[in-house]
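S.K.: next input, structure requested:
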Amino acid sequence: MTSSELQHLSNVSAAPEAKACRKLLNSDDYDEWYSLKLKSVNTLYMCPECFDSLVKSNFLKRNFQPVGRQSLPSRARCDFSSPWMRMALLLDKDAGTKPDRRQTRTSQSDTHHIHKLARLASTEQPCPGESVEARDWYTVYDAQRHPIDRFDVCPHDVARFETLLPNLRGTFQRNPSTTNRRRRCDLRTSSPRFIEYLDTLGRLSEGTHLGQRPDVRDRDGTPRPDMQPFVELVRARAQVRECSWDRLLYDVDWHYAAALPELTVCPECYAAVVGPAAVNGSPVAARFCRVPRPLPVDRPSGSGHPPPPPPGRSCQMYSPRMRKVFRKAVQRQSFDYLARKAQERRRVEVDLTLEREGVVRQKAEAERALAAGAGAEVARRRAALVLQLEDCDEWWIKWE
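M.R.: Numbers count the residues shown, from 1 in each chain. Sure, this is the predicted structure:
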């Protein structure tokens, strides 16, 4: 599997057809889904969009059966919204097209990697995702056997990684200094660095950067990839606060221009976008503070004025759209153009945040009423509010 194929599976890829779906089971989007029954594990479900883009045109489609929406269980999302599961599916597709496998394919061998991941999911504690939890954490070690600080991977993601890329087994090793410490997994799929890490590991796995060191060998003498490029990538990224994308943060320092505090930039995006432009002499980029600083305090509004915007801020420079705006502003040497676009984004973000908070409050009220014994009308109201939240999220993704 090539690195470009790995990127195609990522839910942070720029191409619309490559983005992992966000379809909810039992929603009104489709009347017919597809099921994949696996031996000794739970049935997996795939939405029609994933079916059309991933399996409709290849031999894997014979393993999926149509299922009506009324027969779907009450579960969160399409099982193939996970980049890990999509990666497993692509590995199975690649394996099944090799000449020595075409005549020996069976339903079980067709979905070998999918089955392994599904089995892991049914037996292992899941990745904590955005949550901070106490686990036995893994990390990578440098050539001197020193663990890379501030890089922590949960056991479940290590197991998934070694299941799908077995020739890189041993890349992640336990870090005794972080046992039972509260950490957040740095290989979670919601991380903005996930695709970069996965892309690098995929290239190493396929042999693009095979090392020449004779001591890097498997037990049978087979040379193993030199993982130093990945170690150096992790070391560099671990020194910088991770971009939080559009997640609102509070009491955090930002890079910004004194005349434009609406345009908040995280250290990671500053190093990738704004800093290089400042080094190249851009007067627009030079107006941003080189060291993150606290934002100026919002003045309280007077009587009759709308309430101040939520205090939370997000990074404005993570999206391809805003990066394009910044590059155009640099090219035109127009700080005013950048200011207009940044202030527009902030207004939309504030309005949508306030709308979403109102829906969340109504949903919580409906859930409390249901817990107290409310009837079907409240249940329908709650379901409508859930869809409204989904609509808010989808609208923001399209706008951003």
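
S.K.: any idea of the mean pLDDT in the helix ranked longest in the chain?
M.R.: Secondary structure assigned by DSSP state H gives helix 335-371 as the longest helix of the chain. Averaging pLDDT along helix 335-371 gives 94.

S.K.: how about stretch 81-94 as CSV, C-alpha atoms only?
M.R.: Output of stretch 81-94 as CSV, limited to C-alpha atoms (Å, rounded to 0.1, in the frame of the first residue of the first chain):
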residue,chain,number,x,y,z
SER,A,81,-15.6,6.1,9.2
SER,A,82,-12.4,5.1,11.1
PRO,A,83,-9.2,5.6,9.1
TRP,A,84,-7.8,2.4,10.8
MET,A,85,-10.7,0.3,9.4
ARG,A,86,-10.5,2.0,6.0
MET,A,87,-6.8,1.2,6.0
ALA,A,88,-7.5,-2.5,6.8
LEU,A,89,-10.0,-2.6,4.0
LEU,A,90,-7.5,-1.3,1.5
LEU,A,91,-4.9,-3.8,2.7
ASP,A,92,-7.4,-6.6,2.1
LYS,A,93,-8.2,-5.2,-1.3
ASP,A,94,-4.5,-5.1,-2.2
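
S.K.: buried residues in it, which are they?
M.R.: Buried residues in stretch 81-94, counting neighbours by 16 or more other Cβ atoms under 10 Å, are found at 81-93. From N, CA and C alone the C-beta is placed, and that goes for glycine too.

S.K.: now Met317: how far from Glu242?
M.R.: Distance, Met317 to Glu242, using Cβ to Cβ, to the nearest Å: 14 Å.

S.K.: SS state for the residue nearest to Ala238 when sequence neighbours are not counted?
M.R.: Using Cβ to Cβ, 6 or more residues apart in numbering and skipping the chain neighbours, the partner closest in space to Ala238 is Arg150 (4.2 Å). At Arg150, secondary structure determined by DSSP: H, G, I helix; E, B strand; the rest coil is coil.

S.K.: how many other residues sit next to Arg150?
M.R.: The tally of other residues near Arg150 (other Cβ atoms under 10 Å) stands at 16.

S.K.: quick one, phi psi at it?
M.R.: Dihedral angles of Arg150 (phi, psi; degrees, to the nearest 10) stand at phi 60, psi 30.

S.K.: tell me the spacing between it and Leu36.
M.R.: From Arg150 to Leu36 the distance is 38 Å (Cβ to Cβ).

S.K.: could I get the buried residue list for the longest helix of the chain?
M.R.: When neighbours are counted by 16+ other Cβ under 10 Å, the buried residues of helix 335-371 are found to be 335, 337-339, 341-342, 345-346, 349-350, 352-353, 359, 363, 366, 369.

S.K.: all helices for the chain, in order.
M.R.: 3-9, 48-50, 83-96, 107-110, 112-123, 155-164, 194-205, 228-238, 267-269, 275-279, 283-286, 320-332, 335-371, 376-399.

S.K.: can you redo the ones you listed as JSON lines with distance to Ser74?
M.R.: What follows is the helices of the chain, written out as JSON lines (distance: least, Cβ to Cβ, whole Å):
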{"stretch": "helix 3-9", "distance to Ser74": "27"}
{"stretch": "helix 48-50", "distance to Ser74": "19"}
{"stretch": "helix 83-96", "distance to Ser74": "20"}
{"stretch": "helix 107-110", "distance to Ser74": "27"}
{"stretch": "helix 112-123", "distance to Ser74": "18"}
{"stretch": "helix 155-164", "distance to Ser74": "23"}
{"stretch": "helix 194-205", "distance to Ser74": "28"}
{"stretch": "helix 228-238", "distance to Ser74": "38"}
{"stretch": "helix 267-269", "distance to Ser74": "38"}
{"stretch": "helix 275-279", "distance to Ser74": "48"}
{"stretch": "helix 283-286", "distance to Ser74": "50"}
{"stretch": "helix 320-332", "distance to Ser74": "35"}
{"stretch": "helix 335-371", "distance to Ser74": "14"}
{"stretch": "helix 376-399", "distance to Ser74": "11"}
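
S.K.: would you single out the least confident of those?
M.R.: When the helices of the chain are compared by mean pLDDT, helix 3-9 comes last with a mean of 47.

S.K.: count of neighbours near Asp251?
M.R.: Neighbour tally, Asp251, other Cβ under 10 Å: 9.

S.K.: for it, what are phi and psi?
M.R.: When read as degrees, to the nearest 10, the backbone of Asp251 gives phi 50, psi 50.

S.K.: distance of it from Ala371?
M.R.: Counting by Cβ to Cβ, the gap between Asp251 and Ala371 amounts to 33 Å.

S.K.: and for Asp79, the neighbour number?
M.R.: 23.

S.K.: what do you get for Pro126?
M.R.: By the measure other Cβ under 10 Å, the count of residues near Pro126 is 10.

S.K.: would you agree it is in contact with Ala159?
M.R.: No - at 10.9 Å, Pro126 does not count as touching Ala159 under the criterion of Cβ atoms under 8 Å.

S.K.: so what's the closest residue to Arg193 other than its chain neighbours up against?
M.R.: Closest residue to Arg193 apart from its sequence neighbours, by Cβ to Cβ, 6+ apart: Arg237 at 5.8 Å. Neighbour list for Arg237: Phe151, Arg193, Glu196, Glu268 [criterion: Cβ atoms under 8 Å, 6 or more residues apart in numbering].

S.K.: look up the closest residue to the last one, ignoring the ones flanking it.
M.R.: Distance criterion Cβ to Cβ, 6+ apart; nearest residue to Glu268, sequence neighbours excluded, is Cys243 at 4.4 Å.

S.K.: do you know how far the one you found is from Gln228?
M.R.: Noted for Cys243: a distance of 25 Å to Gln228, by Cβ to Cβ.

S.K.: with neighbour numbers in mind, choose between the two.
M.R.: More crowded of Cys243 and Gln228, by other Cβ under 10 Å: Cys243, with 21 against 15.
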